[in-house]
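Colleague: build the 3D model from these lines:
(one chain, ligands or ions: 1)
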Amino acid sequence: MRTFLPALCTAVLAATAQDVHPERLRADVAFLAAEPLAGRRALEPGSDVAAHFIAAEFRKAGLQPGAGDSFFQPFELIEYRMDSEATRLVVHRGSERRVLAHGRDFGGSFPRHCSLRAPVVFAGYGIVAPEYDYDDYAGLDVRGKIVLAFEYEPRAHDATSPFNGTGNTVHASPRRKLLVAQERGAVALLLIPAPNRKRPFRPGRGGRVQALAESEIRIPMFTLTPEAAGALIAHTGRRLADLQQELDRSLKPLRLPLEAEVEIRAAPAGGRPGLTSKLARHHEGALPDMRSQTVIQFAHYDHQGVRDGKTLPGADDNASGVAGLLELARMFAAAPRPRRSLFLLAFGAEEAGLLGSYYYVARPLRPLAGTRAVINLDMIGRDERPSQQTDGLVEIAPDTSNELNLVGVHASPDLAALIRRENALVGLRISDKWDRDGVLNVLWRCDHFPFLLRGVPAVWFFNGFTPDYHTPGDTPEKINYAKMAKIVRLAYRVARALADGEP
Ligand SMILES: [Zn+2]
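Modeller: So this is what the prediction gives:
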C-alpha cells in the first residue's frame with residue numbers, strides 16, 4: 001500500500017539534498033557480499049578489497065579524507081588460539097590444590113602469556129555506578145587480587161529495576177566490569193554466570209580469536225562454568241543463587257570469605273600479527289566556532305569469512321550498513337555544509353570484538369568530548385523474523401517490513417526524541433524492544449558500544465535478527481531495499497539535525 005507520507009518526505013528532501021537511491025544501495029551490497037570477497041574476514045584479502053572499495057567511493061563522492069591526508073587509519077591485530085591444555089585455573093586453599101577448570105571449560109581468551117597466583121575476592125556484580133548509588137567495591141581493596149563477580153546487573157529481569165528495567169546498562173557488560181577491576185588494581189577478573197540467566201552458559205569454542213595489538217586491557221578475564229564457580233564458594237556453605245538473591249534484595253555490597261588463592265595460566269598459541277584499517281572521511285563544519293564539534297556515522301565492513309567451506313556473505317551484516325554509509329557520503333557531498341563537522345567511518349574487525357571501534361575511541365580523530373553523537377548502521381536491510389536467537393526470549397512483531405529498532409538510546413533520551421521527531425517525515429515504525437533486552441546483550445554487541453562506554457551519546461540503527469544471521473543464507477536478494485532506503489533517509493535527517501541544531 002502506498003501512503004502520502006513517503007512521497008511528501010521525498011519532496012521535502014529533494015529541496016535540500018540528494019535523496020537516497022535504492023539502486024545504488026543494491027549495487028553496493030551486491031559488490032561487498034559477492035563470492036570473491038570471501039566473507040570479508042579481518043586480516044584476509046576480502047576485507048582489504050572491501051576497504052579499498054569504500055575508500056574509492058569516498059573519494060568519488062568528493063569529501064575530504066579524515067585521517068590526515070589519507071582515508072585509511074591502519075591498526076595492528078594479533079590472531080591466535082588459546083592452548084586449551086596449557087590454559088587452566090587452579091585453586092589453592094591451605095594445602096589443598098585443585099584444578100578448577102581447563103582451557104575449554106571456561107569462556108574467554110587473552111592474547112598474552114600469563115601465569116599468576118593471587119588471593120581471590122568476591123565483589124558482588126563487580127559494578128561501580130554512582131548514578132544508581134551502587135558500589136560493589138565500597139571498602140574493598142582488590143589491589144594485587146583476583147576479583148570474582150557475577151555477570152550482568154542486580155534485578156536483571158525486573159522491569160522496575162533502577163538499572164534500565166529489564167534492559168542492560170553499560171554496567172552489565174563484561175568490558176566495563178573488567179575496566180573497573182583493572183582500575184582498582186586487580187590482576188584478573190573471573191565472572192560467574194548469573195544463576196538467573198535465561199540462556200544456558202556455554203564455554204568458548206576454542207577457535208581463532210583476534211585482538212588489538214595495543215589495547216587498554218592489561219589483565220585477563222575469564223567466565224567460569226556455574227559448576228566451577230559453585231565449587232569455588234562451596235566451603236562457605238552458600239549457593240550462588242542465594243548470593244545473587246541477597247545482592248538483588250539489598251543492592252548493597254556483600255562480602256564472602258573465600259580464603260583461597262587462584263592460579264591462572266593463560267597460553268595463547270599460534271600468534272599472527274597483521275594490519276587492518278578503519279576508514280574515515282569528513283566534512284568540515286561550516287561555522288568556525290562549531291567546527292570542533294563532531295557528529296559521526298559509521299558502519300563496519302568486515303564479516304566472518306568462510307565457515308565449513310561456505311562463504312558467509314554478510315549482505316545484511318554488514319554490507320547493508322556500508323552501502324548506507326556510502327549513500328550518506330554522496331548525499332552529504334551534494335548538500336550544503338553542516339555547521340558542525342561530520343565524520344563518516346567504516347570500521348574493520350567488528351566481528352572480532354568491536355576492535356576497530358575500540359581502537360577509534362582510544363585514538364579518536366576528533367576529541368570524544370566534542371563528539372555530539374554517533375549513529376551506527378549495522379544490519380539495516382532485512383525484515384526481522386523470529387530465529388533461534390530470539391525464540392522464547394524476545395517477541396518479534398508479525399510484520400516488521402517497516403520497523404526499525406533503536407539500540408542504546410535509553411541512555412540518551414534527547415537523542416531518542418530527536419530521532420522520533422525526524423522520523424515523522426520518514427514514517428518508519430520505531431521499536432525500542434532491544435533496549436529492554438537483558439538476555440541477548442545486543443547493547444554491547446556492536447560498534448556503538450565503545451562510544452557508550454566513554455559517555456558519548458550513541459544509537460544503533462538495527463533491523464534485528466533473522467534465521468540467516470551469521471549463516472551462508474545472509475544474501476543480497478533477501479534485503480528489503482525500500483525499507484533500507486527509509487532507514488538511510490532517517491540517518492541523514494538525524495545527522496543533519498545534530499550537525500546543524502542548537503547546542
Ligand atoms: Zn555486524
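Colleague: for the stretch 1-150 of the chain, which residue gets nearest to the ion?
Modeller: residue 40 (10.8 Å; CB to the ion). C-beta coordinates here come from the backbone N, C-alpha and C atoms, glycine included.
Colleague: okay, now that residue: neighbour count?
Modeller: 30 (other CB atoms under 10 Å).
Colleague: ok, now residue 327?
Modeller: Counted with other CB under 10 Å, residue 327 comes out at 27.
Colleague: that one should be in a helix, yeah?
Modeller: Yes. Checked against DSSP: H, G, I helix; E, B strand; the rest coil, residue 327 lies within a helix.
Colleague: who's the one residue in the stretch 151-300 of the chain that gets nearest to the ion bridged to?
Modeller: Of all residues in the stretch 151-300 of the chain, residue 300 sits closest to the ion, at 5.7 Å by CB to the ion. With DSSP bridges as the criterion, residue 300 is bridged to residue 347.
Colleague: quick one: it and residue 319 touch, right?
Modeller: No. Counting by CB atoms under 8 Å, residue 300 sits too far from residue 319 to count as a contact (10.3 Å).
Colleague: which bits of the stretch 351-500 of the chain sit near the ion?
Modeller: Taking CB under 5 Å from the ion as the contact definition, the stretch 351-500 of the chain meets the ion at residue 378.
Colleague: now the strands for the stretch 351-500 of the chain?
Modeller: If DSSP state E, counting those that start in this stretch is used as the criterion, the strands of the stretch 351-500 of the chain fall at 371-377, 403-407, 429-431, 458-462.
Colleague: same question for the stretch 101-250 of the chain.
Modeller: Counting by DSSP E, counting those that start in this stretch, the strands of the stretch 101-250 of the chain are 114-122, 128-129, 134-135, 146-150, 188-192, 209-212, 221-223.
Colleague: in stretch 406-417, what's buried?
Modeller: Within stretch 406-417, the residues that qualify as buried are 406, 407, 408, 409, 410, 411, 412, 415, 416, counting by 16 or more other CB atoms under 10 Å.
Colleague: contact partners for the first one?
Modeller: By that I understand residue 406. 416, 419, 430, 431, 432, 434, 435, 459, 460, 461, 462 (CB atoms under 8 Å, 6 or more residues apart in numbering).
Colleague: how much space separates the residue of the stretch 151-300 of the chain closest to the ion from residue 356?
Modeller: Using CB to CB, to the nearest Å, residue 300 is found at 6 Å from residue 356.
Colleague: okay, and the common contacts of the two?
Modeller: Contacts common to residue 300 and residue 356, judged by CB under 8 Å, 6+ apart, are 347, 348, 349, 350, 447.
Colleague: and which of those is nearest the ion?
Modeller: residue 350 (5.6 Å).
Colleague: surely the closest one is within a helix?
Modeller: No. Residue 350 sits outside any helix when classified using three-state DSSP, being coil.
Colleague: hmm, which helix or strand of the chain has the shakiest average pLDDT?
Modeller: helix 4-16 (a mean of 33; mean pLDDT, DSSP states H and E).
Colleague: pLDDT score for residue 197?
Modeller: Looking at residue 197, its pLDDT reads 91.
Colleague: make that residue 388, sorry
Modeller: pLDDT, residue 388: 89.
Colleague: what about the spatially closest residue to it that is not a sequence neighbour, how many residues nearby?
Modeller: Spatial nearest neighbour of residue 388, excluding adjacent residues (CB to CB, 6 or more residues apart in numbering): residue 467 at 7.1 Å. Using other CB under 10 Å, the number of residues around residue 467 comes to 13.
Colleague: my read: residue 467 touches residue 383, true?
Modeller: No. Shown here, residue 467 and residue 383 do not form a contact pair, counting by CB under 8 Å, at 11.7 Å.
Colleague: got the contact list for residue 213?
Modeller: 75, 76, 77, 78, 273.
Colleague: which of these fall in strands?
Modeller: 75, 76, 77, 78, 273 (DSSP state E).
Colleague: among the residues you listed, name the buried ones.
Modeller: Using 16+ other CB under 10 Å, the buried ones in those are 75, 77, 78.
Colleague: kindly export stretch 314-324 (C-alpha atoms) in CSV.
Modeller: C-alpha atoms of stretch 314-324 as CSV (Å, rounded to 0.1, in the frame of the first residue of the first chain):
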residue,chain,number,x,y,z
GLY,A,314,27.2,-10.9,5.2
ALA,A,315,24.8,-9.0,3.0
ASP,A,316,22.7,-7.7,5.8
ASP,A,317,25.7,-7.9,8.3
ASN,A,318,27.0,-5.5,7.3
ALA,A,319,27.2,-4.8,3.6
SER,A,320,23.8,-3.1,4.2
GLY,A,321,25.3,-0.6,6.7
VAL,A,322,28.3,0.1,4.5
ALA,A,323,26.0,0.7,1.5
GLY,A,324,24.0,3.1,3.6
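Colleague: need the residues that contact it.
Modeller: Under CB under 8 Å, 6+ apart, the answer for stretch 314-324 is 24-26, 28-29, 32-33, 39-40, 50, 54, 299-301, 303-304, 313, 346, 350, 376-382, 463, 466, 468-470, 474-476, 478-479, 484, 487-488, 491.
Colleague: so which of those residues are in helices?
Modeller: 24, 25, 26, 28, 29, 32, 50, 54, 484, 487, 488, 491 (DSSP state H).
Colleague: grab the most central residue of the chain for me.
Modeller: Ranked by distance to the mean C-alpha position of the chain (CA atoms, centre = their mean), the top residue is residue 446 at 2.3 Å.
Colleague: tell me the pLDDT at that one?
Modeller: At residue 446, pLDDT is 96.
Colleague: do residue 48 as well
Modeller: 91.
Colleague: how about the one 4 residues further on?
Modeller: Residue 52 carries a pLDDT score of 92 in this model.
Colleague: burial measure for it, as a count.
Modeller: 13.
Colleague: just give me how far the helix or strand containing it sits from the chain centre.
Modeller: Secondary structure assignment for residue 52, by DSSP states H and E: helix 45-61. Here helix 45-61 shows a centroid-to-chain-centroid distance of 23 Å under the convention CA atoms, centre = their mean, to the nearest Å.
Colleague: so which bits of that helix are buried?
Modeller: 46, 47, 48, 49, 50, 51, 53, 54, 55, 57, 58, 61.
Colleague: separation between residue 417 and the ion?
Modeller: As judged by CB to the ion, to the nearest Å, residue 417 and the ion stand 26 Å apart.
Colleague: and the residue nearest to residue 151 when sequence neighbours are not counted, how close does it get to residue 331?
Modeller: Spatial nearest neighbour of residue 151, excluding adjacent residues (CB to CB, 6+ apart): residue 191 at 4.8 Å. Residue 191 sits 43 Å away from residue 331, going by CB to CB.
Colleague: from what I see, the residue nearest to residue 151 and residue 150 are in contact.
Modeller: Yes. Judged on CB under 8 Å, residue 191 makes contact with residue 150 at a distance of 7.3 Å.
Colleague: phi, psi for the closest residue to residue 377 other than its chain neighbours please.
Modeller: Leaving aside its sequence neighbours, residue 377 sits nearest to residue 321 (CB to CB, 6+ apart; 3.7 Å). Residue 321 has phi and psi values of phi -70, psi -40 when expressed as degrees, to the nearest 10.
Colleague: where in the stretch 151-300 of the chain is pLDDT low?
Modeller: 205, 270-281, 286 (pLDDT under 70).
Colleague: 90 instead?
Modeller: 162, 198-209, 213-214, 264-292 (pLDDT under 90).
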